[in-house]
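Enquirer: Next one to model:
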Amino acid sequence: MKRWTKAWLIGGVVCATALATVLPAAAQSSNEKPKATEVGVTASELHIAVVADVENALAPGLFKGAELGVEGAAKYLNSKAGGGGVAGRKLVVDFIDSKLNPTASRNAVITACGQDFAMVGTAVIFLSSVDDQVNCKDQAGATTGLPDIAGFAAGLAQSCSPLTFPVNGVQIDCATVDQVPQTYFGNQGAAKYLTKKFGKLHGLFVYGSDTKDASRASNVIIQANIKGGVASDQTVGVSARDPQSAYTPFVLKMKQDGSNFGTAVGDPQMINLRTEAQLQGLPSSVVWSCICYSKTIATTPVMDNTWVNTVSLPFEDAAAVPMMKTFLKYVGPANADQYSVYGWSATLAFVEAARAVVAKQGVNGLTRKTFLDTGLPTLTKFNGGGLIGTLDVASKRNSTCFIELHLQNGKYTRVFPAKTGTFDCNPANRAIIKEDLLNK
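Expert: Reported below is the predicted structural model:
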């Protein structure tokens with residue numbers, strides 16, 4: 001139930017990349033004695049808040065991975081191997097549970113504003129307003145705002161906040177929010193790979209319909225697939241709470257249309273789709289594809305022979321990528337999921353930007369304003385030490401990188417690019433989509 005609800009709420013939240021580690025420690029040395037310079041910055045500590053939906057009735061432990069990813073990264077960054085802290089200070093993580101609740105989410109931002117330098121690894125569904133973030137005052141009383149290096153941004157308000165910079169980018173071009181249609185950016189790399197491998201593909205696209213944000217995000221993914229050459233015989237919205245029987249007419253139409261492709265955004269939707277397809281005896285030649293790299297999918301037998309694309313490095317590549325080994329060491333294999341990767345990567349991005357400020361202005365030059373003005377603009381080619389596809393965090397542009405995996409007998413096998421530890425980051429993977437999804 002827990003994993004299914006994650007997919008219901010998110011709906012579907014990409015050239016080889018350099019695998020050099022980030023966060024050089026050289027800038028940490030200084031004869032200047034650290035002192036309190038900002039909210040959350042003392043002479044000995046730098047406080048960051050990880051705000052995440054964890055404890056709640058619908059999906060207990062929902063984004064626990066985000067919390068564990070940030071906390072694991074902080075332990076690493078405070079170690080000698082990770083640079084021994086930030087700006088001569090120990091990195092301290094304050095976890096604030098937003099509880100999958102709008103009021104708790106707003107209160108979490110207010111709390112972070114008053115005690116922490118920034119929010120890092122944010123994983124919140126119901127943050128409908130960023131007023132508290134934008135109007136947050138710094139130590140000097142100026143309305144500088146609260147920086148947010150998010151794990152992901154689920155809603156439109158957070159996505160287009162001038163102070164939020166997710167480590168997986170955002171889909172919408174925020175300058176077009178008030179336009180009809182809006183402009184979105186997707187990744188068509190996997191679709192182009194599959195059409196090249198299998199020839200002409202056409203079939204069923206299923207998007208998550210539980211929330212407006214999930215529907216919009218899912219439809220961007222679908223439109224990117226269509227841009228990549230996969231034709232739609234039918235595109236339908238389904239709730240993650242719907243039973244398998246809800247898929248009966250869609251699969252029947254696949255048979256009538258001779259569809260040779262099927263995909264769904266969300267683990268429960270994909271599992272129900274494959275189960276119904278098996279029941280109705282769809283041919284084994286159908287190409288099933290999804291963004292669904294997870295333990296849930298791998299351990300569900302009906303999902304065998306699925307083509308899976310991912311924008312983060314598979315854990316199976318740990319032997320080839322030092323940062324993945326470090327991640328698994330500090331977070332733990334049992335806690336490794338996409339949200340812990342996002343939390344970890346967001347913390348690395350935050351520290352990289354903070355250290356860029358220190359390199360220019362010294363250990364006491366770190367304030368929210370200098371972080372936003374001097375540090376954050378340096379995050380133009382960030383890849384989390386090779387854990388995620390290279391992207392421009394500063395401009396919020398999502399990545400053109402992706403990896404194609406094939407799930408067989410419960411195991412993910414890397415297919416493309418073949419070299420372990422690499423991504424395909426061809427700029428042509430970017431799909432520009434112009435559609436009115438805000439009023440759909």
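
Enquirer: Hmm, Gly61 is touching Ala52, no?
Expert: No. Using Cβ atoms under 8 Å, Gly61 makes no contact with Ala52, being 10.2 Å away. From N, CA and C alone the C-beta is placed, and that goes for glycine too.

Enquirer: which sections of this protein are below the confidence cut-off?
Expert: 1-30 (pLDDT under 70).

Enquirer: Could you pull up the residues touching Val236?
Expert: Val236 is in contact with Leu204, Phe205, Val206, Tyr207, Phe250, counting by Cβ atoms under 8 Å, 6 or more residues apart in numbering.

Enquirer: Show me what the helix or strand containing the second one is packed up against.
Expert: Assigning secondary structure by DSSP states H and E places Phe205 in strand 201-208. Identification of packing neighbours for strand 201-208 by 3 or more Cβ pairs under 8 Å, 6 or more residues apart in numbering; DSSP states H and E yields helix 2-10, helix 212-227, strand 230-238, helix 248-257, strand 261-264, helix 267-280.

Enquirer: Output the contacting helices and strands for the fourth one.
Expert: Identification of packing neighbours for helix 248-257 by 3+ Cβ pairs under 8 Å, 6+ apart yields strand 201-208, strand 230-238, helix 267-280.

Enquirer: And for the shortest one?
Expert: Secondary structure elements in contact with strand 261-264, counted by 3+ Cβ pairs under 8 Å, 6+ apart, are strand 201-208, helix 267-280, strand 287-290.

Enquirer: strand partners of that strand, parallel vs antiparallel please.
Expert: As defined by DSSP bridges, the strand partners of strand 261-264 come to strand 201-208 (parallel), strand 287-290 (parallel).

Enquirer: For Gly145, list the residues it contacts.
Expert: Contacts of Gly145 by Cβ under 8 Å, 6+ apart are Gln133, Val134, Asn135, Cys136, Pro162, Leu163, Arg368, Leu372.

Enquirer: is it true that the second one touches Pro162?
Expert: Yes. Taking contacts as Cβ under 8 Å, Val134 lies within contact range of Pro162: 6.9 Å.

Enquirer: Have a look at these two and say which one is more surrounded.
Expert: Val134 (16 against 11; other Cβ atoms under 10 Å).

Enquirer: Pull out the buried positions in stretch 211-229.
Expert: 211, 213-229 (16 or more other Cβ atoms under 10 Å).

Enquirer: distance between that stretch and the chain's centre?
Expert: Relative to its chain's centre, stretch 211-229 lies at 15 Å (Cα atoms, centre = their mean, to the nearest Å).

Enquirer: CA atoms only for that stretch - export them in CSV, please.
Expert: Extracted C-alpha coordinates of stretch 211-229, given in CSV (Å, rounded to 0.1, in the frame of the first residue of the first chain):
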residue,chain,number,x,y,z
THR,A,211,-4.2,15.1,-8.6
LYS,A,212,-4.0,18.0,-11.1
ASP,A,213,-0.2,18.2,-10.6
ALA,A,214,0.2,14.4,-11.2
SER,A,215,-2.0,14.6,-14.3
ARG,A,216,0.1,17.5,-15.7
ALA,A,217,3.4,15.8,-15.0
SER,A,218,2.3,12.5,-16.4
ASN,A,219,1.0,14.1,-19.6
VAL,A,220,4.4,15.8,-20.2
ILE,A,221,6.0,12.4,-20.0
ILE,A,222,3.5,11.0,-22.4
GLN,A,223,3.9,13.9,-24.9
ALA,A,224,7.6,13.4,-24.8
ASN,A,225,7.2,9.8,-25.8
ILE,A,226,4.9,10.8,-28.6
LYS,A,227,7.5,13.4,-29.7
GLY,A,228,10.0,10.6,-29.7
GLY,A,229,8.1,8.7,-32.3
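
Enquirer: who's more crowded, Gly61 and Ala52?
Expert: It is Ala52, of Gly61 and Ala52, that has more neighbours when counted by other Cβ under 10 Å, with 32 against 13.

Enquirer: Spit out the contact partners of that one.
Expert: Here Ala52 is in contact with 62-64, 66-67, 95-98, 121-124, 151, 343 (criterion: Cβ under 8 Å, 6+ apart).
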